[in-house]
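Peer 1: Starting from these lines, generate the structure:
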Amino acid sequence: MIKSFSVISAHLENTSSVEMRGRARKSVNVLSNFRNLLFIHLMLDVLAVFKALRLLFQRDNIVISAAKDGLYSTELQLRAMIARPGKNLQAFLDELGDGHIYKGVTLKRMPNDLNDFIRTNRR
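Peer 2: Next up is the predicted model:
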């Protein structure tokens, strides 16, 4: 979804169907909200960490020590995301900078959104 973000947003904005127009407008509002995109990119990073753990647990020859190491590694990676953003979130922040435009879409952004997100993330 993030790779095709601008295409999806443009499609939703140009929906001509009367039945779908209200849903499309709501979806555009959600997708153009800076805080929602912060959360989506954070979740992409979290899911990547859990994907590695899932693949470890799916192995046929896993032993208890490898499972414990995998759990410990997962915990460390998640805790590290409290101090610094993961790959996806950092890429989003780098691309956006202090601006309001992400992949050609103008985002609804308040001055304290990033600070509020960081404060909430550290709890």
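Peer 1: got the residue ranges for the strands in this protein?
Peer 2: 101-102, 105-106 (DSSP state E).
Peer 1: Out of those, flag the one nearest Glu19.
Peer 2: Closest approach to Glu19 among the strands of the chain (Cβ to Cβ): strand 105-106, 23.9 Å. For every residue, glycine as well, the C-beta is placed using N, CA and C.
Peer 1: For the closest one, give the mean pLDDT please.
Peer 2: Per-residue pLDDT over strand 105-106 has a mean of 78.
Peer 1: ok, that strand: who's next to it in the sheet?
Peer 2: Using DSSP bridges, strand 105-106 pairs in its sheet with strand 101-102 (antiparallel).
Peer 1: got a list of contacts for the partner strand?
Peer 2: By Cβ atoms under 8 Å, 6 or more residues apart in numbering, the residues outside strand 101-102 that reach it are Phe5, Leu37, Phe92, Glu95, Leu96, Leu107.
Peer 1: Measure how far stretch 98-105 is from the centre of its chain, please.
Peer 2: Computed by Cα atoms, centre = their mean, to the nearest Å, the chain-centroid distance of stretch 98-105 equals 16 Å.
Peer 1: Please export the C-alpha coordinates of it as PDB.
Peer 2: The C-alpha coordinates for stretch 98-105 follow below in PDB (Å, rounded to 0.1, in the frame of the first residue of the first chain):
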ATOM      1  CA  ASP A  98       9.500  19.300   7.900                       C
ATOM      2  CA  GLY A  99       7.200  19.500   4.900                       C
ATOM      3  CA  HIS A 100       3.600  18.400   4.400                       C
ATOM      4  CA  ILE A 101       3.800  16.500   1.100                       C
ATOM      5  CA  TYR A 102       4.500  12.800   1.000                       C
ATOM      6  CA  LYS A 103       4.600  11.100  -2.500                       C
ATOM      7  CA  GLY A 104       2.700  14.000  -4.000                       C
ATOM      8  CA  VAL A 105      -0.100  14.000  -1.300                       C
END
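Peer 1: Surely Val28 touches Asn14?
Peer 2: No - applying Cβ atoms under 8 Å as the test, Val28 and Asn14 come out as separate, 10.1 Å apart.
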